[in-house]
Structures are given as C-alpha cells and as structure tokens.
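[1] Attaching a predicted model along with its sequence, questions to come.
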Amino acid sequence: GAGVSQSPRYKVAKRGQDVALRCDPISGHVSLFWYQQALGQGPEFLTYFQNEAQLDKSGLPSDRFFAERPEGSVSTLKIQRTQQEDSAVYLCASSQLPPRGSVTDTQYFGPGTRLTVL
Amino acid sequence: DAKTTQPPSMDCAEGRAANLPCNHSTISGNEYVYWYRQIHSQGPQYIIHGLKNNETNEMASLIITEDRKSSTLILPHATLRDTAVYYCIVRVAGGGSNYKLTFGKGTLLTVNP
C-alpha cells in the first residue's frame, strides 16, 4: 500500500514569508507526528495528533508554528513569518494504533519536506 | 526515555556482516529497544525492535544483552544500499506520553565495495 507522502518535497521561502507543508498519512492510521530535522542532527519531535485532536504540541519551537489535522487524516504544518533558523527538513510520521495500545505502534515516516529560508 | 550511546561512524565491506552497537545502560524494565535507519534524503525507516529476547526479521537481527544495558543490530550481508545513519532508540511501546521518538545522532554506516 501507499506510504506516508509529503508535499512539497522542497520549499524555498524568503524570510518573513508564510509556508504550509502537507502530510498524507497511511490510510487508517490514527496517530500522526511531525518532526524537525536540522542538518547533521537526528529528527526532533514537534507535535502529535490522535485523529483530529492535537494532544501534544510541546515541541513546536515558537508560536509561529501551527499544525492542524481537521478531519483526522491529512495534516498541515504552517510556519508564519519564516526565519532562517526554520531551515530544516520537516518529517511526518503516522502509526496504526494510539500509543496506549500495544507494542505495534511503529511510526512510518514520509520522505520529508526540505525547507530553505533565504 | 533512556539515553542511548552509539559510535558516530562505522565502515563495513560489502557482503560482510555489519554489527552496530548501542549502549543504553539506564534502560527501564518496560522500555523497548528500537532501531531506525535513514538513507540520505529519505525519512527514517523502521528496522526492528525488541524487549529482552533476540529478534530477527527480513532486514536484520537484534541482539540484546542479558542485563539489557546494550544491544547490537546485525545486518548479515551488508549491501551498498545499507549505507545510512542508524538510530538506536529506547522507549516505552504503546506507553501513553512516551509516544514520541527521541533520536540521537546515530551511527553513519558506510558500506564499501
């Protein structure tokens, strides 16, 4: 079946511009995660959704970052007034069961969106 | 989640076994060891996970020491396509607030022809 898809794959933005990054999770996956990966570093958690509910947004670096998943499927990560330090790869992952389920809550990642802020 | 320690880089000859170590000396009894890898310009890919018994799947084997303070991921016959950063992650599976994955810097495995 289809995996997690993300679009666009690459985005170049001028500083101060708003951007929107899209994630299409694996069909039927309840949980959805966003991670940020700076160059040379491992991914870092941003936010987590269970269906349409955003249960954890503790990793969002500032109030310029906003994520939504209105119908419990597709999710959008929006960054307002982009800054150069926002340049990174933004990864989306989904998993089949809510975390409070079983050991089979493996997260499957999309290819990421590489954001470059000039 | 317990912290993990991995060597920053390793080399392996194509066709040979790649053995990637991970130390997790502060692991708790309900924490699993997960391995992911990330090939250049791709998202992380799940490889395998285990609690205390050794595990094997079509991709790799996971050997966990009896005291669970360390583990080794084994790629039995490494190919050039196995060149990637390998992340060892310790977390509680299905564990409420522990759903997030905490990545370190991982080990860059380079498979040489």
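    Cool, the structure landed. The structure presented is a predicted model; accordingly, all values stated were derived computationally and were not measured.

[2] Now for the most centrally placed residue in chain A: which residues touch it?
    In chain A, the C-alpha nearest the mean C-alpha coordinate belongs to A:Trp34, at 2.8 Å (Cα atoms, centre = their mean). Under the criterion of Cβ atoms under 8 Å, 6 or more residues apart in numbering or on different chains, the contact list for A:Trp34 reads A:23, A:45-48, A:67, A:75, A:77, A:90-92. For the C-beta atoms, the positions are set from N, CA and C on the backbone; glycine is no exception.

[3] Report the buried members of these.
    Among the contacts of A:Trp34, the ones that count as buried by 16 or more other Cβ atoms under 10 Å in any protein chain shown are A:23, A:45-48, A:67, A:75, A:77, A:90-92.

[4] how about the strands in chain B?
    B:9-13, B:18-23, B:31-38, B:45-50, B:55-56, B:61-64, B:70-75, B:84-92, B:107-112 (DSSP state E).

[5] residue ranges for the strands of chain A, please.
    Counting by DSSP E, chain A has these strands, from start to end: A:5-7, A:10-13, A:19-24, A:31-37, A:44-50, A:53-56, A:65-68, A:75-79, A:88-95, A:108-109, A:113-117.

[6] nearest to B:Asn23, of those strands?
    Nearest of the strands of chain A to B:Asn23, taken as Cβ to Cβ: strand A:44-50 at 21.3 Å.

[7] Check whether the closest one comes near chain B.
    Yes. Strand A:44-50 is in contact with chain B by Cβ under 8 Å from any Cβ of the partner chain, via A:44-45, A:48.

[8] can you list the weak-confidence ranges in chain A?
    The model of chain A has pLDDT under 70 over residues A:1, A:97-104.

[9] pLDDT below threshold where in chain B?
    Ranges of chain B meeting pLDDT under 70: B:1-2, B:93-98.

[10] Apply 90 and report the result again.
    Low-confidence segments of chain B (pLDDT under 90): B:1-3, B:28-32, B:41, B:53, B:91-102, B:104-105.

[11] Give me the nearest residue to the residue positioned nearest the centre of it, chain neighbours excluded.
    By Cα atoms, centre = their mean, chain B has its centre lying nearest to B:Trp35, at 3.2 Å. Leaving out its chain neighbours, the residue that sits closest to B:Trp35 by Cβ to Cβ, 6 or more residues apart in numbering or on different chains is B:Ile47, at 4.3 Å.

[12] I figured that neighbour hits B:Glu58, correct?
    No. Counting by Cβ atoms under 8 Å, B:Ile47 does not reach B:Glu58; the two are 10.1 Å apart.

[13] So which of those two has more stuff around it?
    The residue with more neighbours, out of B:Ile47 and B:Glu58, is B:Ile47; 19 against 5, by other Cβ atoms under 10 Å in any protein chain shown.

[14] Now do the contacts for that one.
    So, once contact is read as Cβ under 8 Å, 6+ apart, B:Ile47 ends up touching B:35-37, B:57, B:59-60, B:73, B:86.

[15] and if you look at B:Gln38?
    B:44-45, B:84-85, B:87, B:106.

[16] Who are the contact partners of the closest residue to A:Thr47 other than its chain neighbours?
    Leaving aside its chain neighbours, A:Thr47 sits nearest to A:Lys57 (4.4 Å; criterion: Cβ to Cβ, 6+ apart). For A:Lys57, the contact set (Cβ under 8 Å, 6+ apart) comprises A:46-48, A:67.
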